[in-house]
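Peer 1: Here is my input; please provide its structure:
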Amino acid sequence: MSAPETSDRQPFPAPPGTAPAADGQAPAGPRRRGWRGRAAAAATAVALLAAAAWWLARPRAGADGTADPVATTTAAVVRRDLRAQERVSGTLGYGEVRTVANGRQGTVTGLPEEGAVLRRGQAAYRVDGRPVPLLYGRLPSWRELGLGVDDGADVRQLERNLVALGHDPDREVTVDDHFTAATSAAVKRWQEAVGLDETGTVRPGDAVWQPGPVRVGELKASVGAAAAPGSPVFEATATTRVVTIDLDASRQPYVHRGDRVDLELPGGRTTTGRVASVGKVATASGSGEDPASDSTATVEVTVSLDRPKATGTLDQAPVDADITTETRKGVLAVPVNALLALAEGGYAVELDQGGARRLVGVTLGLFADGLVEVKGGGVAAGDRVVVPA
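Peer 2: Here you go, the predicted model:
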């Protein structure tokens, strides 16, 4: 009678809090894990419980010395990239909301429609019947710009807009930090085109300065209301749809610009995007009587969409985002149910070489997509490993 096949493996893996041992070594003692370690431990536990269940179903000798057949098959050892992901909640919208403030004294006589898209040169709103056009630039208007003004980046910003709007037909303006007679002439052409007094000088409040096109959000003023410098007119956002995620600050080091993000929209539709920016400053938010006691620090992650039209017309809609938290490029990987826990510690896979089978010790790496990264000199891409059928 042959002995049951139990000497080289055990049905239960090392505890989830124990680091996998190298082939032939005892498992390392418990170690403290951050969020990635806990996620990896959970994935390892699930995978190895499956391996243990398979081991328990393996052929074993009965009373008559024969083994009960259990169906198995083989799977290939592959070399590929692995991406570990975590699902988080996000919001589909248009990104950061900015407030457009008025810079003139008078009465509001015209406002844009909510949802409208404004581009360079268009009137953002009107005061006393005169338009306040939108110009592109990141610097706010803080001084009059005319002949004799000191050089500055705000002059360059103005000249760039005048040229872009076609108010330098003879190409006399040099886009730089210096306000010249050619700049003044271009300003007068612009003022004539938009219905302002042709002074050749641009005052604060003569234009709305934004980084680019804007989408009009909630109106903060009404037609007929008094317009005072600094009073809010409307909220504005960028025109490109994005997903915004308040990410646990502990995850910030593992998310990078350009990482792929899989998105699930309301109704079950799916699409993809890329991480456009990862915040560097954490913000704490809490609830209850003592917010500091139960606050969670988060950083803002912005995801650009690969196919913005695939998101339809939804705005401020909740979405689920699978963000990449770790990547391994060009690693060897096997199905998780190919793993076996060894009695002496560590893990192995069973290679099938033309019908002959043998155990090979492996060290585990990243779990992702139903696969696990394996390291060990006895395993190569293209090998076949035994898995339950």
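Peer 1: hmm, who's touching the helix or strand residue 135 falls within?
Peer 2: Per DSSP states H and E, residue 135 falls inside strand 130-136. For strand 130-136, contacts defined as CB atoms under 8 Å, 6 or more residues apart in numbering pick out 102-104, 110, 118-126, 157-158, 160-161, 164, 194-196, 205-212, 214. Glycine gets a C-beta too; all of them are placed from N, C-alpha and C.
Peer 1: In terms of residue numbering, what are the domains of the chain?
Peer 2: For the chain, automatic domain parsing gives the domain ranges 35-83+328-388, 87-93+243-326, 98-237.
Peer 1: In this structure, which residue is most central in space?
Peer 2: A centroid search over the chain (CA atoms, centre = their mean) returns residue 275, at 3.4 Å, as the residue closest to the centre.
Peer 1: Assign it to helix, strand or coil.
Peer 2: Using DSSP: H, G, I helix; E, B strand; the rest coil, the structure places residue 275 in strand.
Peer 1: Now do the residue lying closest to it once chain neighbours are set aside against residue 214, distance only.
Peer 2: Among residues not flanking residue 275 along the chain, residue 259 sits closest, at 4.5 Å (CB to CB, 6 or more residues apart in numbering). Distance, residue 259 to residue 214, by CB to CB, to the nearest Å: 28 Å.
Peer 1: These two: who's more crowded?
Peer 2: residue 214 (26 against 19; other CB atoms under 10 Å).
Peer 1: was I right about the more buried one contacting residue 117?
Peer 2: Yes. In this structure, residue 214 is within contact of residue 117 by CB atoms under 8 Å, at 7.3 Å.
Peer 1: Would you mind grabbing the residues shared as contacts by these two?
Peer 2: Shared contacts of residue 214 and residue 117 (CB under 8 Å, 6+ apart): residue 239.
Peer 1: still on that earlier bit, redo the domains of the chain as CSV? Include mean pLDDT.
Peer 2: Below are those laid out as CSV (pLDDT from 0 to 100):
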stretch, mean pLDDT
domain 35-83+328-388, 77
domain 87-93+243-326, 87
domain 98-237, 97
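Peer 1: quick one, strands of the stretch 51-200 of the chain?
Peer 2: 72-76, 78-93, 98-101, 106-110, 117-118, 123-127, 130-136 (DSSP state E, counting those that start in this stretch).
Peer 1: Those into TSV, with extra columns for distance to residue 379?
Peer 2: Shown next, in TSV, are the strands of the stretch 51-200 of the chain (distance: least, CB to CB, whole Å):
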stretch	distance to residue 379
strand 72-76	11
strand 78-93	11
strand 98-101	55
strand 106-110	72
strand 117-118	56
strand 123-127	64
strand 130-136	57
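Peer 1: what about those, which gets the closest to residue 303?
Peer 2: Nearest to residue 303 among those is strand 78-93 (6.9 Å), distances taken as CB to CB.
Peer 1: who does that closest one pair up with?
Peer 2: Under the criterion DSSP bridges, strand 78-93 sits next to strand 242-248 (antiparallel), strand 317-335 (antiparallel) in its sheet.
Peer 1: Check the ones you listed for me and report the most buried one.
Peer 2: Scoring those by mean neighbour count under mean count of other CB atoms under 10 Å gives strand 242-248 as the most buried, with a mean of 22.
Peer 1: And the helices in the chain?
Peer 2: Taking DSSP state H to define them, one finds helices in the chain at 35-56, 153-164, 181-194.
Peer 1: Need the CA coordinates for the last one. CSV is fine.
Peer 2: As requested, C-alpha coordinates have been extracted for helix 181-194 and formatted as CSV (Å, rounded to 0.1, in the frame of the first residue of the first chain):
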residue,chain,number,x,y,z
ALA,A,181,3.2,102.4,-29.1
ALA,A,182,2.4,99.4,-31.2
THR,A,183,0.8,97.8,-28.1
SER,A,184,-1.3,100.9,-27.5
ALA,A,185,-2.5,100.9,-31.1
ALA,A,186,-3.5,97.3,-30.8
VAL,A,187,-5.4,98.1,-27.6
LYS,A,188,-7.4,100.8,-29.3
ARG,A,189,-8.4,98.4,-32.1
TRP,A,190,-9.5,95.9,-29.5
GLN,A,191,-11.5,98.6,-27.6
GLU,A,192,-13.2,99.7,-30.8
ALA,A,193,-14.1,96.1,-31.6
VAL,A,194,-15.7,95.4,-28.2
